[in-house]
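**Q** can't give you the sequence, but here's the structure:
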């Protein structure tokens, strides 16, 4: 009888002991970087704590001043206000964020090197107040000095760990995916959204600091 009793106690205490190892501070730290479903695999009863942690970690973004763009006539555009140099035309090369960053690092335009992917505040300076004809002759929500045809979606390097809340022309967007997702801009509809960094369907717009 005592042996049976001990076995029952062990079986009942197993899940509790497992969960006891998942302290709130540990769960909140994981929630900053890890997909919630991965956390729940390790800590099955951590759902309420994950929600509490994420409510306490809302982060917004400060956008850059209105740009002043100048077409350099060589396939680049200078933003005189924010001291940035952009390629004039987006590169329709769908790849993951890691692949896009490697591509940017090796990209050369003319004799210009040192290109990189933009942050969300940087890429947002290209977003225009209305859907208008850009230099391609087609309409998109992009400053008309640039060439993006009917508009495409582009990576930024701003993660959901850095920024958890964005409000665009449509609605407020919330991302709780930590470093596993980043913010993007879609110039066809003039929207900001987020997606996981492993996705291979988003394109590249390159920038360089002056």
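**A** Cool, the structure landed. In this text, all values refer to a predicted model and were calculated from it rather than measured experimentally.

**Q** so residue 207 touches residue 120, yeah?
**A** No: taking Cβ atoms under 8 Å as the definition, residue 207 is not a contact partner of residue 120, at 12.0 Å. To be clear about C-beta, it is placed using only N, CA and C from the backbone, and glycine gets the same treatment.

**Q** Next one: residue 185 from residue 43, what distance?
**A** 35 Å (Cβ to Cβ, to the nearest Å).

**Q** Show me which of these two is the more surrounded one.
**A** When neighbours are counted by other Cβ atoms under 10 Å, residue 185 and residue 43 differ, and residue 185 comes out ahead with 26 against 20.

**Q** can you give me the helices for this structure?
**A** With DSSP state H, the ranges of helices along the chain come out as 2-20, 24-31, 36-42, 47-55, 97-106, 120-124.

**Q** which residues of this structure score low on pLDDT?
**A** Applying pLDDT under 70 to the chain flags residues 1-21, 32-33, 54-57.

**Q** any idea which residue sits dead centre in it?
**A** In the chain, the centroid-proximal residue (Cα atoms, centre = their mean) is residue 182; its distance is 1.4 Å.

**Q** Now do the contacts for it.
**A** 97, 155, 156, 157, 158, 159, 160, 194, 195, 197 (Cβ atoms under 8 Å, 6 or more residues apart in numbering).

**Q** Just give me the closest of those residues to residue 132.
**A** Comparing the contacts of residue 182 against residue 132 with Cβ to Cβ places residue 156 closest, at 22.2 Å.

**Q** Which residue, neighbours along the chain excluded, lies closest to that closest one?
**A** residue 120 (4.4 Å; Cβ to Cβ, 6 or more residues apart in numbering).

**Q** I'd say residue 84 and residue 205 touch.
**A** No: Residue 84 is beyond contact range of residue 205, at 11.4 Å (criterion: Cβ under 8 Å).
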